[in-house]
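1. The sequence and its predicted three-dimensional model are supplied below.
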Amino acid sequence: MNTLYTFLAHYLEPLTSCFYLLGLLFLFLFLSRRVSPATWIYVSLTLFTVIFWLLYRIIEEYPAVSRWTERLNSPLVVIMVVLVLPAIFFKHSRWYKYFLILPALLLILSVLEIFHQYQEVPQGFAWFLMRPGYLIAGVISFLVLAHSFMGLATFRRATRITMVLVLIYGGFAFRQNYVDYQAMVERRVDTGKDLMVFSETTPVMKYEQRLSYIPSAPCRFSADGGYVQGCVMELLQRIMQLNFSKVARGDTVEMTLLAIALAALLAMVVLLFIGARWWCGWICPLSSLGDLFDFLRKKLGLPHLKPSHPLKLTYLVSGLSFAGFSLLLAKAYAHIDKQGAFLGCKIPMHPFCKICPGQQVCPVASKGIGAYPPLPGMEWLFGFFKIAALLLLGLFLFGFITSRRLWCRFCPMGMIGGIFNRGGLLALKKDVQKCNGCGVCSDVCPMNIHRVQEEKKHNNVSSFNCIYCLKCVDKCPQDQCLSLQFSGKIIVQSTFKING
């Protein structure tokens, strides 16, 4: 297994670059509108892959450039290229059943990886040891295979449960190897201390010269830091904390930190361009946990709040205000004195993380109520962080208990994703000629969006708040009226046919 992993890691490394993924997508988008038959498109994409692979190897001979390109690598990219994109574009092809052999083999390899790792651990060891590449391949392979025999609603539920298990429990349930597991245990020597600090929350996907994020809200304050670095707000705080005066002077350390952060930001933009706010509707673990409260409300037969426009606007402005103020505090952190204060005020390293409900909700979800972290003391910015942490936790609970995803209108991560809802590769399309304005889409929409129903002229009905949960597509009573498209390719469409 080690030999196979080394072989794959070496030869597939160029295909883990965000530049490769972006180039491949743009080339396909260009060719699909100008070239036929499809065979020529696939030949061109193969040729592009070979050329990119060769250029990547040539660049490796120049260390200064190579260090930058390596920071843009992610196992997510190669899995997207070999699994996700073919699953989208070959779904209705006669070759699709043969393609499914690949995810089946990758799933088997992922299971074998665990058994291989267990050969080197003490008897009675109860964790899963699996390198990130194998886990990502195994999870995506499972979902690709599951999609073949699941309906849309069931598949979405399976995806969300899977992502919660990985992103909430991945920090302690999965480690790269036994050495990584031992390092995790050493970081948590004081088992009676439930408050996690950054030194105790090293993510599984941890690299020396690279940061790993996904565009939703996975919290690194989950048990031992979760599986990825964290959310986009943590990344933005890292950038704000940089000392740009040192960067201007050419300080080597500060310039390296800037390069790492900018590479992570570029990778994040690529993922947002591909998935926009789909990450909120399918991947975000915080919203999945919040939906549990929404489920309980439904079971109790309680009505949900339909927020008025002023309330929606209040959430939007409040979310932007908290996010903006937190980023300003992160900027101030770069100028704290020896006592850890700025202008006499104590400021934590990552201000937004200290007030985000994720730091309180995710540890409890992963380890139980005893893992609820102690709140910041009143000495932190005159009690701002303590009060704001309680306020936002209450707002989070209120948002999901009283309504459907009201909190998602506040979430800064979701707002950033919403920017890419129009102009990205994903689009919610509507055949306006088939729509009879029945209003089913408005009734089932958790974000209370009415544009899908009301639009009478344009076929692109994507909107800033849409989380691409696809409940409107699933419930639409008009055949082929609504569809989700990726780069012009229909992924799923409404198929319910009215009899008679």
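-> Received the coordinates, thanks. Numbers count the residues shown, from 1 in each chain.
2. could you pull out the strands for the stretch 401-500 of the chain?
-> 426-430, 482-486, 489-493 (DSSP state E, counting those that start in this stretch).
3. right, so of those strands, which gets closest to Tyr213?
-> Across those, Tyr213 has its closest neighbour in strand 426-430 (19.1 Å, C-beta to C-beta). Glycine gets a C-beta too; all of them are placed from N, C-alpha and C.
4. Taking strand 482-486 as reference, get the angle to that closest one.
-> Interaxial angle, strand 426-430 versus strand 482-486 (axes from the mean of the first three to the mean of the last three C-alpha atoms, to 10 degrees): 150 degrees.
5. what's the model's confidence in strand 426-430, averaged?
-> Averaging pLDDT along strand 426-430 gives 93.
6. Distance from that strand to the middle of the chain?
-> 20 Å (C-alpha atoms, centre = their mean, to the nearest Å).
7. related to what we said a few turns ago, want to throw the strands of the stretch 401-500 of the chain into JSON lines with mean neighbour count and distance to Ile79?
-> Formatted as JSON lines, the strands of the stretch 401-500 of the chain follow (neighbours: other C-beta atoms under 10 Å; distance: least, C-beta to C-beta, whole Å):
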{"stretch": "strand 426-430", "mean neighbour count": "22", "distance to Ile79": "18"}
{"stretch": "strand 482-486", "mean neighbour count": "21", "distance to Ile79": "16"}
{"stretch": "strand 489-493", "mean neighbour count": "17", "distance to Ile79": "18"}
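8. I'd like the ones you listed written out as CSV, with distance to Phe384 added.
-> Output for the strands of the stretch 401-500 of the chain, formatted as CSV (distance: least, C-beta to C-beta, whole Å):
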stretch, distance to Phe384
strand 426-430, 38
strand 482-486, 42
strand 489-493, 44
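9. Can you tell me how far the spatially closest residue to Pro363 that is not a sequence neighbour is from Gly171?
-> The shortest distance from Pro363 to any non-neighbouring residue, by C-beta to C-beta, 6 or more residues apart in numbering, is to Ala371 (4.2 Å). Using C-beta to C-beta, to the nearest Å, Ala371 is found at 12 Å from Gly171.
10. Next, the angle strand 489-493 makes with the host helix or strand of Leu27.
-> Per DSSP states H and E: Leu27 is located in helix 18-32. Counting by the same axes, to 10 degrees, helix 18-32 lies at 90 degrees to strand 489-493.
11. Helix or strand next in line after helix 18-32, which one?
-> Next in sequence after helix 18-32, counting helices and strands by DSSP H and E, comes helix 38-59.
12. Can you show me the CA trace of that following helix as CSV?
-> Extracted C-alpha coordinates of helix 38-59, given in CSV (Å, rounded to 0.1, in the frame of the first residue of the first chain):
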residue,chain,number,x,y,z
ALA,A,38,-17.8,14.9,-28.2
THR,A,39,-14.9,12.6,-29.0
TRP,A,40,-12.8,15.6,-30.1
ILE,A,41,-13.5,17.3,-26.8
TYR,A,42,-12.2,14.4,-24.8
VAL,A,43,-9.1,14.1,-27.0
SER,A,44,-8.5,17.9,-26.5
LEU,A,45,-8.9,17.5,-22.7
THR,A,46,-6.5,14.5,-22.6
LEU,A,47,-3.9,16.5,-24.6
PHE,A,48,-4.3,19.5,-22.2
THR,A,49,-3.7,17.1,-19.3
VAL,A,50,-0.5,15.7,-20.8
ILE,A,51,0.8,19.2,-21.6
PHE,A,52,-0.1,20.5,-18.1
TRP,A,53,1.6,17.4,-16.5
LEU,A,54,4.8,18.1,-18.5
LEU,A,55,4.8,21.8,-17.7
TYR,A,56,4.3,21.1,-14.0
ARG,A,57,7.4,18.8,-14.1
ILE,A,58,9.4,21.4,-15.8
ILE,A,59,8.4,24.0,-13.2
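13. Can you give me the domain boundaries for the chain?
-> With domains defined by automatic domain parsing, the chain comprises 1-149, 305-403, 422-493.
14. Run the chain-centre distance for the longest one.
-> Which is domain 1-149. Distance, centroid of domain 1-149 to centroid of chain: 18 Å (C-alpha atoms, centre = their mean).
15. try stretch 428-445
-> Here stretch 428-445 shows a centroid-to-chain-centroid distance of 28 Å under the convention C-alpha atoms, centre = their mean.
16. what comes up buried for that stretch?
-> Neighbour counts over stretch 428-445 (16 or more other C-beta atoms under 10 Å) mark Leu428, Lys429, Lys430, Cys435, Val440, Cys441, Ser442, Val444, Cys445 as buried.
17. The nearest residue to the first one once chain neighbours are set aside: neighbour count?
-> Think Leu428. Nearest non-adjacent residue to Leu428, counting by C-beta to C-beta, 6+ apart: Ser462, 4.7 Å away. Using other C-beta atoms under 10 Å, Ser462 is surrounded by 24 other residues.
18. that older thread, do you know how far the residue nearest to Pro363 is from Ala365?
-> Look at Ala371 and Ala365: by C-beta to C-beta, they are 9 Å apart.
19. neighbour-wise, which of these two wins?
-> When Ala371 and Ala365 are compared for neighbours, Ala365 comes out ahead with 21 against 18, by other C-beta under 10 Å.
20. Phi, psi for the more buried one please.
-> Note on Ala365: backbone dihedrals following degrees, to the nearest 10 are phi -70, psi -30.
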